[in-house]
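**Q** Test case, fold it:
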Amino acid sequence: MIDSHTHLTDSKFDSDRDKIIEKSISSGIDIFLEILCSKDEWRNFKLVEKYQDNFLFSFGIHPHYTEELSNENLIELEKYLKLEKCVALGEAGLDLWYYPDKLKEQLSLLEPQIELANKLLKPIVFHIRNSKNGNDAYQEFFSFIKGRHKKQAVIHSFSGTLSDAKKAIDMGFYLGINATLSYPKNNELRETVKFTGTENLLTETDSPYLPPQRIRGNRNDPGSITDIIDLISSITSTDREKVTAETESNFKKLFLNT
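**A** Next comes the predicted model:
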């Protein structure tokens, strides 16, 4: 199994990081894509570097950190993106839920990161979150991204409409699906997964965030990847082993060119 989006270097794992990682590997999770989202986080990849057979990395500047846009930081980011185990840039994107008044600043942060990903031939892990009042972030994203990004990508923690999913897939993007799929009010995401099928999906936990409904309110960890696979299997009426195999294949196509 593959967890295509983790934050295991987060301080919430400081007390038992190795225990959680080793338990996850023992349970059958072979690859973790660790996402490091700000200049203060990038160096933390060393916290899991000893698991070199299991960890890949993505470095970027999250839309929460618009104040980090500077030539100095972009130069440093490029150095991290050139590390052998780095397979992507991200998270990068738009978050209008927390920062509805900072669209311009977020686009200004996103543009040079797209240019950097194009230069280094890296796929992007996109973070797109609408405001509380509509579908504005996805609309702005699709308008902005058209013709800019030259590689495939994944929209992490996909939360758009079915129409958004179709647009993303038409652009060659994958949809990152996590345990929000289990939340009672998330019928639209379940319908989207049912429509799109497994050939366009990646499985992710976003640990320590977004735990499945059964442990909501608690810290998430990669073990919940099995919840997500089971849910996708049930929703798409697809054999569990096939879901696992196809989402792993999608990951390797996107990030490892295999």
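
**Q** measure Lys19 to Ser26 for me?
**A** 11 Å (C-beta to C-beta, to the nearest Å). Just so you know, the C-beta spots here come from the backbone N, C-alpha and C atoms, and that holds for glycine as well.

**Q** Kindly report the same for Leu201.
**A** 25 Å.

**Q** Tell me which of the two has more neighbours.
**A** Shown here are Leu201 and Ser26; by other C-beta atoms under 10 Å, Leu201 has more neighbours (25 against 8).

**Q** who's that one bridged to?
**A** Leu175 (DSSP bridges).

**Q** Quote the end-to-end distance of stretch 31-46.
**A** With C-alpha to C-alpha, to the nearest Å as the measure, the ends of stretch 31-46 fall 16 Å from one another.

**Q** which other helices and strands contact the helix or strand harbouring Lys119?
**A** In this structure, Lys119 sits in helix 103-120 according to DSSP states H and E. Counting contacts by 3 or more C-beta pairs under 8 Å, 6 or more residues apart in numbering; DSSP states H and E, helix 103-120 is packed against helix 71-81, strand 86-95, strand 124-129, helix 136-145.

**Q** Counting neighbours, which bits of it end up buried?
**A** In terms of neighbour count (16 or more other C-beta atoms under 10 Å), helix 103-120 has its buried residues at 103, 106-107, 109-110, 112-114, 116-117.

**Q** Looks like Phe144 contacts Leu110 (just checking).
**A** Yes. Phe144 is within contact range of Leu110, at 7.2 Å (criterion: C-beta atoms under 8 Å).
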